[in-house]
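Asker: okay, sequence plus prediction incoming.
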Amino acid sequence: MMPRDNMNSLVQRLARQALATFRGHAAAAETKAFLENQSRLRGLLAQVKAADLKIVPRYAESSVTSHSLGPPVTYMHICETDDFSMGVFLLKHGTSIPLHDHPGMYGMLKVLYGKVRISCFDRLDTSPESASGGQQFSPPLLPFQKSSLKASLLRSVGEYTEESPPCVLSPHRDNIHQIEAVDGPTAFLDILAPPYDPDDGRDCHYYKVLQPGSEGADKSAEGQVEQTHVWLMEIPQPNIIPLKLQLRDEDNIDSDTFSGAHLHWGWRATLHL
Ligand SMILES: [Fe+2]
């Protein structure tokens, strides 16, 4: 029998609310009920701290340590159902999760400690030919590369800390993003709905940004780039496949020592969904 405090833990309530929000792909219609549930989920996620996940932040990571111990990016799996997945990413100082998409998916990200810079892109409904017509790239693209271009809009670049509200994405808004650790190591809780599933059209694709010519940028009155039209070119999965850890409920995770050897599956068994 699960202890009562576990039953009511914030992580438990978060998992239940995620299930209530996304059960049976309820998000597809974006009904009033879905939006209300999504708002509740956002509210719960905003409260989550590293301690709720028994993660001990380590702020004073030296550059020597960051390169000598453990992988640059680690994913700690918490739970996954047909409707959503939840886990924690730990990024070492100066590392990043490269630009990638979440096809047909919703997502929420809450920083637990440290600071991340998130660049968000929208895909534009423009054919590659018309989008890149006349556009020159350096080096010039090969014909097959041109046909794989995706016209996109850089919507925002923002920095998030544990004090920040969750960063939210949907199938059509901010769906493509890059996440960089700035000012030291960082960790964030990630909820995706539905989970990635290549057999159901939800594979993860990686991209690189092809910079537009000067005519491609929308400038504000102050001359700053506000929302920039760019072309994204799909690239093979970068060599940053995160080490996937699975936690026991009793594990206290010190981000200095997350080599993974002593961590095991367990949160799923202790979450009542
Ligand atoms: Fe992502």
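Answerer: Arrived safely.
Asker: right, and residue 79 touches residue 16 too?
Answerer: No - Residue 79 lies out of contact with residue 16 (Cβ atoms under 8 Å); the separation is 10.8 Å. Where you see a C-beta, it was placed from the backbone N, CA and C, and this is true even at glycine.
Asker: neighbour count winner among the two?
Answerer: residue 79 (20 against 15; other Cβ atoms under 10 Å).
Asker: please report how far that one lies from residue 232.
Answerer: 31 Å (Cβ to Cβ, to the nearest Å).
Asker: now name the helix or strand holding residue 228.
Answerer: Using DSSP states H and E, residue 228 sits in strand 225-235.
Asker: list the strands paired with that strand, with their directions.
Answerer: strand 149-160 (antiparallel), strand 206-210 (antiparallel), strand 217-219 (antiparallel) (DSSP bridges).
Asker: of all those, which one is nearest residue 195?
Answerer: strand 206-210 (17.8 Å; Cβ to Cβ).
Asker: isn't there a strand covering residue 144?
Answerer: No - assessed with DSSP: H, G, I helix; E, B strand; the rest coil, residue 144 is helix; it does not lie in a strand.
Asker: report how many residues lie close to it.
Answerer: Residues contacting residue 144 under the criterion other Cβ under 10 Å number 7.
Asker: got the confidence number for it?
Answerer: Here the pLDDT value assigned to residue 144 is 71.
Asker: when you give positions from now on, start the count at 18
Answerer: New numbering, starting at 18: the last item is residue 161.
Asker: next, format the strands paired with strand 242-252 as CSV and append mean neighbour count.
Answerer: Listed next are the strands paired with strand 242-252 as CSV, based on neighbours: other Cβ atoms under 10 Å:
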stretch, mean neighbour count
strand 166-177, 18
strand 223-227, 17
strand 234-236, 13
